[in-house]
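my questions concern the predicted model and sequence given below.
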Amino acid sequence: MRAARRPFAFITCHELKEMLGRTAWDERELLEGIEEVPADSIHYHTLSYFLRSKYLASPYPNDFATWAAIQVRDRVLGERLAVVDPFDYEDIELLRSELVTIIDDHLSSLPTIPRVVYGEPFHFMRSTLIEIPTGIEVRTLREFRDGVQMVDLGAIYYHFFGVVRRTNQHPADPRVWLEEELGLPDLAEQIRRLNPYVSSLDGFRTRLLALLDRVLEEAGDV
Amino acid sequence: MSERAPLLDDYRKVVPPNIIDLIYRLAERVRGRSVVHVNSTRVGGGVAEMLHRYIPLFQDLGVEARWEVISGSEAFFRVTKSFHNALQGQEQVFTEEMLQTYLEVNRENAARLDLGADVMIVHDPQPAALIAYAPKRGKWIWRCHIDISRPQRRAWNFIRQFIVKYDGAIFSLPKFSQRLPIPQYLIYPSIDPLSEKNRDLTEEEVNAVLDRLNIPRDKPILLQVSRFDRFKDPIGVINAYRIVKKHDDCRLVLAGGSAEDDPEGPQVLSEVLEAAAGDPDIHVLVLPPTANLEINALQRAATIILQKSIREGFGLTVAEGMWKGKPVIGGFAGGITVQIIYGVNGYTVNSVEGCAFRIRYLLNNPDLARQMGENAREYVRQNFLITRDLIDHLALMVSLLG
């Protein structure tokens, strides 16, 4: 297998969390908040949920579903929101739209608006990803595989779901690197189809390593 | 004798792999920059304890970290105590003279202290008005450690006029955030795994402490560590224990501070002793504030840890209990809800009956309790250790300084 001219540098990240000072006490206020908050707040409560649940998957895989089910005790809305896989949406606005229509549809079928009685209100947040170089640079698929195994899960998030997800052809996107530098478009496509939904970043890494091992084995690099 | 403050490499044996290297690399981005922390005391209290440990760690990373302490008259500290209580929701009276005392002492300290740094972190309300009088170089951040979710409006309105001059504020929980025109960062508090309260203990050390406290280890131990305060619901804990005791043999240990600064403390303690009277399996321990080893040993000896608060700040005793590898049953209040993932590392409960049910459930499912305890320790390792706190503060510096 060939070596890349341009090495791939693993970068990890840390999430600096910020509160928007906006709160929802009932599902109508949640709906209005989702409609109005900045896109990075939607990102925080859905995609980057996985960065905060690296090893332990909690019962519902995004903050909106968790709040509806646990705090409001509306398990129907919790279930309907939980099934929305944020990794299906290339554009965060499409994800926002899906969430809005689910809540709107749910509320239209109810005589009263469910609200927090015993639980905590929903606090809208957002975050800034602070990049941190890992010092690990790789040139071959074998080295790339070992890098994936070695880096912390913040790096897995950063490269596969964080900053790179928002920008086409981002230089830190390993799928672009695999295609352009190692000539492996099929592998890049298979990786694109993996996601950590209903698992965790750790689960995603396990599946990614299994895929890379299979490709290496087929190429006789074991 | 005070403990030597650990340096960063001392944490390698307890924090997740790669974290220490990550901290060094992140710190590279702010190496040589300066940060000054300002608070109101060098001894006593959680903030001073935290800064004693933070400052050497920042210096170890090549950040020029300093710690300044404001000084003031007794009258000043009476005023700031009133602010402290008012911001936490107690009704207080503020006279014009009190407000002038607060402003005057802050003005004097702004002239006396060296407040020039790339980042200034000002802790809690006491020194909050420094920003109005000090020459403003660098970025100023107000770090609020107290629960200001329901402040007395007049007190908050007075303090708020200074807070809006800052470049940002840090709160410990989302519910503490306020309507402010500045960024409000969320940084959870943390525990130090190398401190006397959290370091690893041998089985012999644990047994020696329990022997000294006259607590046999012949049956499962339920433990709640907290001040004797109605918001911690110690009577509710005893009632839950009594429901459990009908079916499952166990001991209950209620370990709390002496509560000398809490006028209601002796009354609550007296009610607890009365409720516990006649049951040799209930142990009520009044421990001094220095009893860190004792708390550590009790948590390690416990089968289940309880924190059945009905109102709570962050509730770091939950993280301390989890760090000992124990499942925690906590009241649905304050920061307990961000530390306990229901059914994963413990349970949050809303009633005495709910608490009793979950105790019985865990006592009768020891494999599940063990797994939850392991999850709990791992969750704390990832989220509530001092190293994560350090990363948050370094990340904030990177974000502020570009």
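Arrived safely.

break chain A into its domains for me.
A:8-13+A:129-218, A:18-125 (automatic domain parsing).

among these, which is nearest chain B?
domain A:18-125 (3.5 Å; CB to the nearest CB). Yep, even glycine has a C-beta here, placed from its N, CA and C like the rest.

assumed A:Met19 was part of a strand.
Yes: counting by DSSP: H, G, I helix; E, B strand; the rest coil, A:Met19 is found in a strand.

which residues touch it?
Neighbouring residues of A:Met19 by CB atoms under 8 Å, 6 or more residues apart in numbering or on different chains: A:123-125, B:171, B:174, B:177, B:184-186.

which one among the residues you listed gets closest to A:Ser108?
Nearest to A:Ser108, judged by CB to CB, of the contacts of A:Met19 is A:Phe124 at 23.1 Å.

and for the closest one, the neighbour number?
22 (other CB atoms under 10 Å in any protein chain shown).

who are the neighbours in contact with it?
A:19-20, A:22-24, A:33, A:37, A:41, A:45.

residues from the stretch 101-250 of chain B in reach of chain A?
Residues of the stretch 101-250 of chain B lying close to chain A by CB under 8 Å from any CB of the partner chain are B:171, B:174-175, B:177-180, B:183-187.

can I get those residues in a markdown table including pLDDT?
Listed next are those as a markdown table, based on pLDDT from 0 to 100:
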| residue | pLDDT |
| --- | --- |
| B:Phe171 | 96 |
| B:Pro174 | 92 |
| B:Lys175 | 89 |
| B:Ser177 | 90 |
| B:Gln178 | 90 |
| B:Arg179 | 89 |
| B:Leu180 | 93 |
| B:Pro183 | 97 |
| B:Gln184 | 97 |
| B:Tyr185 | 97 |
| B:Leu186 | 97 |
| B:Ile187 | 96 |
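
what's the most distant pair in those?
B:Arg179 and B:Ile187 (19.6 Å).

can you tell me how far A:Asp221 is from A:Val215?
Distance of A:Asp221 to A:Val215, computed by CB to CB, to the nearest Å: 9 Å.

sorry, back to before: just the buried residues of the contacts of A:Phe124.
Taking 16 or more other CB atoms under 10 Å in any protein chain shown as the criterion, what is buried in the contacts of A:Phe124 is A:19-20, A:22-24, A:33, A:37, A:41, A:45.

where in chain A is pLDDT low?
A:1, A:54-58, A:163-169, A:198, A:222 (pLDDT under 70).

what does it have sitting close to chain B?
A:12, A:14, A:16-21, A:54-56, A:58-59, A:70, A:118-121, A:123, A:125, A:128, A:130, A:132-135, A:151-152, A:154.

related to what we said a few turns ago, what's the overlap in contacts for A:Asp221 and A:Val215?
Common neighbours of A:Asp221 and A:Val215 (CB under 8 Å, 6+ apart) are A:Leu141.

rewinding a little: in helices, which of the residues of chain A next to chain B fall?
Of the positions in the residues of chain A next to chain B, A:Gly154 sit in helices, assigned by DSSP state H.

okay, which residue is most central for chain A?
With distances taken as CA atoms, centre = their mean, A:Leu47 lies nearest the centre of chain A, 3.2 Å away.

show me the helices in the chain, by range?
The chain I'm using is chain A. A:27-36, A:39-45, A:49-52, A:63-66, A:75-82, A:92-108, A:141-150, A:153-160, A:174-180, A:185-192, A:201-218.

that answer is for a different chain, and I need it for chain B
Ranges of helices in chain B, per DSSP H, are B:19-28, B:46-60, B:74-87, B:96-112, B:153-163, B:203-212, B:234-245, B:265-276, B:292-301, B:316-323, B:336-339, B:352-363, B:366-383, B:386-401.

which one of the contacts of A:Phe124 is nearest B:Asn345?
Out of the contacts of A:Phe124, the member with the shortest distance to B:Asn345 (by CB to CB) is A:His45, at 21.5 Å.

so where's chain B shaky on pLDDT?
Checking chain B against pLDDT under 70 turns up B:1-3, B:44, B:258-263.

pick out the residue closest to the middle of it.
Geometric middle of chain B (CA atoms, centre = their mean) lands on B:Leu316, at 4.4 Å.

gap between A:Val37 and A:Phe64?
Counting by CB to CB - A:Val37 and A:Phe64 are separated by 11 Å.

still on that earlier bit, neighbour-wise, which of B:Arg179 and B:Ile187 wins?
B:Ile187 (18 against 9).

thought the more buried one was touching B:Ile391?
No: the pair B:Ile187 / B:Ile391 is not scored as a contact, 9.9 Å apart, by CB atoms under 8 Å.

neighbours of whatever residue of the stretch 301-402 of chain B ends up closest to chain A, just the number please.
Nearest residue of the stretch 301-402 of chain B to chain A (CB to the nearest CB) works out as B:Ala395 at 4.3 Å. Residues within reach of B:Ala395, counting by other CB under 10 Å, total 25.

and for B:Val244?
Using other CB under 10 Å: B:Val244 sits among 22 other residues.

contact partners for it?
Here B:Val244 is in contact with B:222, B:250, B:356, B:359-360, B:363 (criterion: CB under 8 Å, 6+ apart).

save the residues you listed as CSV, and put in neighbour count too.
Output for the contacts of B:Val244, formatted as CSV (neighbours: other CB atoms under 10 Å in any protein chain shown):
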residue, neighbour count
B:Leu222, 27
B:Cys250, 18
B:Ala356, 24
B:Ile359, 28
B:Arg360, 17
B:Leu363, 19
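
which single one of these is nearest to B:Phe162?
The closest of these, once distances to B:Phe162 are taken by CB to CB, is B:Leu222, at 45.1 Å.

excluding sequence neighbours, find me the nearest residue to that closest one.
B:Leu252 (4.9 Å; CB to CB, 6 or more residues apart in numbering or on different chains).

OK, contacts around B:Asn239?
Contacts of B:Asn239 (CB under 8 Å, 6+ apart): B:352, B:356.

quick check: the gap between it and chain A.
19 Å (CB to the nearest CB, to the nearest Å).

what about B:Glu183, how many residues close to it?
One thing to correct before we go on: residue B:183 is Pro, not Glu. Neighbours of B:Pro183 (other CB under 10 Å): 21.

tell me what the closest residue to it other than its chain neighbours is bridged to.
Excluding the flanking residues, the one nearest B:Pro183 by CB to CB, 6+ apart is B:Gly168, at 4.3 Å. Applying DSSP bridges to B:Gly168 gives these bridge partners: B:Ile141.

so how far is A:Asp85 from B:Gly168?
On the measure of CB to CB, B:Gly168 and A:Asp85 end up 34 Å apart.

which one's more surrounded, these two?
Neighbours were counted for B:Gly168 and for A:Asp85 using other CB under 10 Å; B:Gly168 has more, 20 against 16.

my guess is that one contacts B:Tyr185, does it?
Yes: contact criterion CB under 8 Å: B:Gly168 and B:Tyr185 qualify, at 5.9 Å.

pull up the overlap in contacts between the two.
In contact with both B:Gly168 and B:Tyr185: B:141, B:396, using CB under 8 Å, 6+ apart.

so which of the domains of chain A comes closest to B:Arg107?
domain A:18-125 (29.8 Å).

okay then, goodbye and thanks.
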